[in-house]
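> model this:
(one chain, ligands or ions: 2)
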Amino acid sequence: MIVVLKPNLPLEEVEKVIAEVAKLGYEPRPIHGKVQTVIAAIGDENTHHSLETLSSWPQVEHVHRVQKRYKLVSREAKKGKDSIVKVHGQKIGTGQKLSFMAGPCSVESEEQIMATAKAVKAQGATFLRGGAFKPRTSPYEFQGLAKEGLKLLALASKEYDLGIVTEVLSERDVDLVAEYADILQIGARNAQNFSLITEAARSGKPILLKRGMNMRIEEWLLAAEYVLANGNPNVLLCERGIRTFETYTRNTLDLSAVAIVKRESHLPIIIDPSQGAGRADLVIELCKAAVALNADGLLIEVHPHPAEAWSDGQQQVDLDLYAKLVEELKPFISAVGRPS
Ligand code: PEP
Ligand code: MN
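Ligands and ions are numbered 1, 2, ... in the order given. Here you go, the predicted model:
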């Protein structure tokens, strides 16, 4: 920590702050300038008592952290090595095959989920996505088929050998959803619901952690830190757009998050262009950009008849557009050197 003191402070006041820094378990190293004194406080900020409270002292101008607030998710924690998440016989992460997680926004019927699973499997997807518990803005909108939806996902998984990615909305349902899911999705609206995240982490299933629509990258990494701190190393970060002033898109897909996450963390990053833009017509271009940035996977909403979808119809690609997308991505995948 760096503690910057107010200008022209009498020496005895400087001494009081130095004494407090030492009392809090840090080694104080004052640097006396002509006008101001700066105290470098040596110690591990993550295990020592925080010095941030000193900013309320009248002698102190401000206190700066030096260390990052997250530890286990940071790139340094694995000495620069990337995490590879192994699930459903697949490896997700840097240098691995691009992971395609495709399927409808919501599971609606056996016919719908089977037709989608068949089509995405034929196009090389390894995971089927689909919500059985849906976080809807209005209580009058379709809330998902719950357990029935999970059973339909299991049916499709068995028939087409696809791993299942599905959202868990509440702590109450973690055990149930974990019975059916290969990857538990924590949605944008729950991305800082720490008791849900903790419970989901304890299930031992890999967690796909969406970025909340108003979350900073640091907050998102700290939410992921909860999973690792609860003994579960398997986290996939998922950028799904943040809310901005723009109205041409539902959210603003923050693709810079891919590059930043790769610098800051060892965790894989998945891009969700569907919630990201809220527009089916932008999905192919956003996927190309995500692959070019070296994202590790894509979470894409696909529906056999988007116009009849029970949720998010405007952003789901139909089966033909999905096939076109997979075809058009091929040169991008080989350009970044990922195996196909
Ligand atoms: C979804 O994947 O359908 C979904 C609801 O996602 P998000 O939590 O990102 O809005
Ligand atoms: Mn959706």
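
> who does the closest residue to Met101 other than its chain neighbours bridge with?
Spatial nearest neighbour of Met101, chain neighbours left out: Phe127 (3.9 Å); criterion: CB to CB, 6 or more residues apart in numbering. Just so you know, the C-beta spots here come from the backbone N, C-alpha and C atoms, and that holds for glycine as well. Taking DSSP bridges as the rule, Phe127 bridges to Met101, Gly163.

> do the same with the one 4 residues further on
When bridges are called by DSSP bridges, Gly131 pairs up with Ser106.

> Against Leu184, how distant is it?
Distance, Gly131 to Leu184, by CB to CB, to the nearest Å: 12 Å.

> Can you check which residues contact both of these two?
Applying CB atoms under 8 Å, 6 or more residues apart in numbering, one finds that Gly131 and Leu184 are jointly contacted by Thr166, Glu167.

> and the residue nearest to Met101, how far is that from Gly163?
4 Å.

> now Ser274
18 Å.

> Between these two, tell me which one has more neighbours.
Ser274 (30 against 21; other CB atoms under 10 Å).

> Secondary structure element holding the more buried one?
helix 273-277 (DSSP states H and E).

> For ligand 2, tell me whether that helix is touching it.
No: figure legend: helix 273-277 not in contact with ligand 2 (CB under 5 Å from the ion); closest approach 5.7 Å.

> what's whichever helix or strand comes after that helix in contact with?
Using DSSP H and E, the helix or strand that follows helix 273-277 in sequence is helix 283-292. Helix 283-292 is contacted from outside by 98, 253, 255, 258, 271, 273-274, 276-277, 298, 300, 315, 317, 321, 324-325, 328-329, 332-333, 335-336, using CB under 8 Å, 6+ apart.

> hmm, which of the residues you listed are the buried ones?
Among the contacts of helix 283-292, those classed as buried by 16 or more other CB atoms under 10 Å are 98, 253, 255, 258, 271, 273-274, 276-277, 298, 300, 315, 317, 321, 325, 329, 332-333.

> Could you list which residues are in contact with the nearest residue to Leu253 once chain neighbours are set aside?
Residue nearest to Leu253 in three dimensions, not counting chain neighbours: Gly276, with 3.4 Å by CB to CB, 6+ apart. Residues in contact with Gly276, defined by CB under 8 Å, 6+ apart, are Glu239, Arg240, Gly241, Thr249, Arg250, Asn251, Leu253, Leu286.

> and the gap between the closest residue to the fifth one other than its chain neighbours and ligand 1?
Spelled out, it's Arg250. Closest residue to Arg250 apart from its sequence neighbours, by CB to CB, 6+ apart: Gly278 at 2.4 Å. Note on Gly278: its distance to ligand 1, by CB to the nearest ligand atom, to the nearest Å, is 10 Å.

> While we're on the residue nearest to Leu253, how confident is the model there?
pLDDT, Gly276: 98.

> Ser170 versus that one, what's the distance?
Distance, Gly276 to Ser170, using CB to CB: 25 Å.

> Whatever residue of the stretch 51-200 of the chain ends up closest to ligand 2: neighbour count?
Here the stretch 51-200 of the chain gets closest to ligand 2 at one residue, Cys105, 3.4 Å apart by CB to the ion. Other residues within reach of Cys105, judged by other CB under 10 Å, total 24.

> quick one: it and Ser274 touch, right?
Yes: using CB atoms under 8 Å, Cys105 makes contact with Ser274 at a distance of 7.5 Å.

> Which stretches in the stretch 151-300 of the chain count as helices?
Remark: helices assigned in the stretch 151-300 of the chain by DSSP state H, counting those that start in this stretch are 174-180, 194-202, 217-229, 256-264, 273-277, 283-292.

> Near ligand 1, which residues of the stretch 1-150 of the chain? Just list them.
Cys105, Gly131, Pro135 (CB under 6 Å from any ligand atom).

> need those in CSV with pLDDT and distance to Lys23, can you?
Output for those, formatted as CSV (pLDDT from 0 to 100; distance: CB to CB, whole Å):
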residue, pLDDT, distance to Lys23
Cys105, 98, 55
Gly131, 98, 52
Pro135, 96, 46
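
> Please, where are all the strands along this structure?
Ranges of strands within the chain are 2-5, 27-32, 37-42, 60-64, 85-87, 90-92, 99-103, 127-129, 163-167, 183-186, 207-210, 235-239, 269-271, 297-301, based on DSSP state E.

> how about CSV for the ones you listed, with mean pLDDT added?
Output for those, formatted as CSV (pLDDT from 0 to 100):
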stretch, mean pLDDT
strand 2-5, 96
strand 27-32, 96
strand 37-42, 96
strand 60-64, 96
strand 85-87, 98
strand 90-92, 98
strand 99-103, 98
strand 127-129, 98
strand 163-167, 98
strand 183-186, 98
strand 207-210, 99
strand 235-239, 99
strand 269-271, 98
strand 297-301, 98
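
> Is it possible to get JSON lines of the ones you listed that adds distance to Ala229?
JSON lines is the format used below for the strands of the chain (distance: least, CB to CB, whole Å):
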{"stretch": "strand 2-5", "distance to Ala229": "26"}
{"stretch": "strand 27-32", "distance to Ala229": "27"}
{"stretch": "strand 37-42", "distance to Ala229": "24"}
{"stretch": "strand 60-64", "distance to Ala229": "24"}
{"stretch": "strand 85-87", "distance to Ala229": "17"}
{"stretch": "strand 90-92", "distance to Ala229": "21"}
{"stretch": "strand 99-103", "distance to Ala229": "25"}
{"stretch": "strand 127-129", "distance to Ala229": "26"}
{"stretch": "strand 163-167", "distance to Ala229": "22"}
{"stretch": "strand 183-186", "distance to Ala229": "15"}
{"stretch": "strand 207-210", "distance to Ala229": "12"}
{"stretch": "strand 235-239", "distance to Ala229": "11"}
{"stretch": "strand 269-271", "distance to Ala229": "20"}
{"stretch": "strand 297-301", "distance to Ala229": "24"}
